[in-house]
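Q: How does the following fold in three dimensions:
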Amino acid sequence: MNGIAIQNNRSPVSQVPGIGKKDALYLWSAYRFKTGDTMGKTYSLFNVIQGTQAGQGFATPLTARETSIISTPGSVPLDQKWECWDMAVDFIGGGTLTDGAFTSTVPVSAAQAAELVNKLQIVFIRGGTQVVQLGPASLYPSGGGVQGGDMATTDVANNGFNSAGARRRLGRNVKLNPGDTWTMAFLLAGTDDDDLALGTGAFVDARLSFWMYRDLGLSG
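A: Here you go, the predicted model:
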């Protein structure tokens, strides 16, 4: 992932002799879920770049709203080491499907937010084979918990304003070595095997984001 968004450019925050410069890197990626998405399936993130590709449930090319990745997804540069220390999940919009096309963008309802918080699990995959289950989305708030407005009028809900202080710190940091390949994914899980139910023809965008330390010892 040599190319990243401008706000993620190198900005050293510490210097450890013999190890090299370190900076803080912020990454995010979204998946567009729709009613009927299948339980027991993983939905990959961070594998579509901005501007040129559709994917991750989106029918049109992704923008900076949906992902921070701008080139070379899924690999760590050979001159860097990464260490992820926190994660968050937030819901950034929804709408309905009409004749197969996404239309009628609306705020996320409390019922939709609850459906996703209860069923989405976060999975980290390294090298295409090592799968680390990091737990349900309810453990990774972007803010202060699910919040909703007057459902009869505003129909607004999310799982909190994206606040650094409220994000979940990982008990053991996820580490990536030079040249590692990786991806993150949402897994839809539940013993009742009910497919995702967001309402008739409805969709909701779920975004996973995280901070990591980037060791630039070999290049910095």
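Q: can you pull out the helices in the protein?
A: Secondary structure of the chain (DSSP state H): helices located at 110-119.
Q: for it, what spans make up the strands?
A: 14-16, 20-34, 42-45, 81-98, 101-106, 120-126, 130-136, 147-148, 157-158, 168-176, 182-188, 202-215 (DSSP state E).
Q: for those, which one sits closest to residue 66?
A: With CB to CB, the closest approach to residue 66 among these belongs to strand 20-34: 4.4 Å. (Each C-beta comes from the backbone N, C-alpha and C, glycine too.)
Q: buried sites along the closest one?
A: By neighbour count on 16 or more other CB atoms under 10 Å, the buried set for strand 20-34 is 20-23, 25, 27-34.
Q: pLDDT (mean, whole number) over that strand?
A: The average pLDDT within strand 20-34 is 86.
Q: Keeping just the C-alphas, turn it into CSV.
A: Extracted in CSV, the C-alpha atoms of strand 20-34 (Å, rounded to 0.1, in the frame of the first residue of the first chain):
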residue,chain,number,x,y,z
GLY,A,20,13.8,4.4,12.7
LYS,A,21,11.1,6.9,12.3
LYS,A,22,7.5,6.1,13.2
ASP,A,23,4.3,7.8,12.1
ALA,A,24,0.6,7.3,12.7
LEU,A,25,-1.4,6.0,9.7
TYR,A,26,-5.2,6.2,9.5
LEU,A,27,-7.0,3.9,7.1
TRP,A,28,-10.7,3.3,6.4
SER,A,29,-12.8,1.2,4.0
ALA,A,30,-16.6,0.7,3.6
TYR,A,31,-18.9,-2.1,2.4
ARG,A,32,-22.4,-1.5,1.1
PHE,A,33,-24.7,-4.1,2.7
LYS,A,34,-28.1,-4.7,1.3
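Q: Give me the angle between that strand and strand 120-126.
A: Strand 20-34 runs at 130 degrees relative to strand 120-126, counting by axes from the mean of the first three to the mean of the last three CA atoms, to 10 degrees.
Q: Which elements pack onto strand 20-34?
A: Strand 20-34 is packed against strand 14-16, strand 42-45, strand 81-98, strand 182-188, strand 202-215, with contacts defined by 3 or more CB pairs under 8 Å, 6 or more residues apart in numbering; DSSP states H and E.
Q: Columns mean neighbour count and mean pLDDT on top of those strands, output as TSV?
A: Formatted as TSV, the helices and strands packed on strand 20-34 follow (neighbours: other CB atoms under 10 Å; pLDDT from 0 to 100):
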stretch	mean neighbour count	mean pLDDT
strand 14-16	11	45
strand 42-45	20	94
strand 81-98	20	83
strand 182-188	21	93
strand 202-215	22	88
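Q: looking at this structure, which helix or strand is least sure?
A: Using mean pLDDT, DSSP states H and E, strand 14-16 stands out as the lowest-scoring helix or strand of the chain, at a mean of 45.
Q: I'd like the distance between residue 175 and residue 74.
A: Here the criterion is CB to CB, to the nearest Å. By it, residue 175 lies 16 Å from residue 74.
Q: likewise residue 114?
A: Relative to residue 74, residue 114 is positioned 31 Å away (CB to CB).
Q: ok, back up a step: Serialize the strands of the chain to JSON lines and add fields for distance to residue 195.
A: JSON lines is the format used below for those (distance: least, CB to CB, whole Å):
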{"stretch": "strand 14-16", "distance to residue 195": "46"}
{"stretch": "strand 20-34", "distance to residue 195": "10"}
{"stretch": "strand 42-45", "distance to residue 195": "13"}
{"stretch": "strand 81-98", "distance to residue 195": "15"}
{"stretch": "strand 101-106", "distance to residue 195": "19"}
{"stretch": "strand 120-126", "distance to residue 195": "13"}
{"stretch": "strand 130-136", "distance to residue 195": "18"}
{"stretch": "strand 147-148", "distance to residue 195": "24"}
{"stretch": "strand 157-158", "distance to residue 195": "21"}
{"stretch": "strand 168-176", "distance to residue 195": "27"}
{"stretch": "strand 182-188", "distance to residue 195": "8"}
{"stretch": "strand 202-215", "distance to residue 195": "13"}
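Q: Cool, thanks, talk later.
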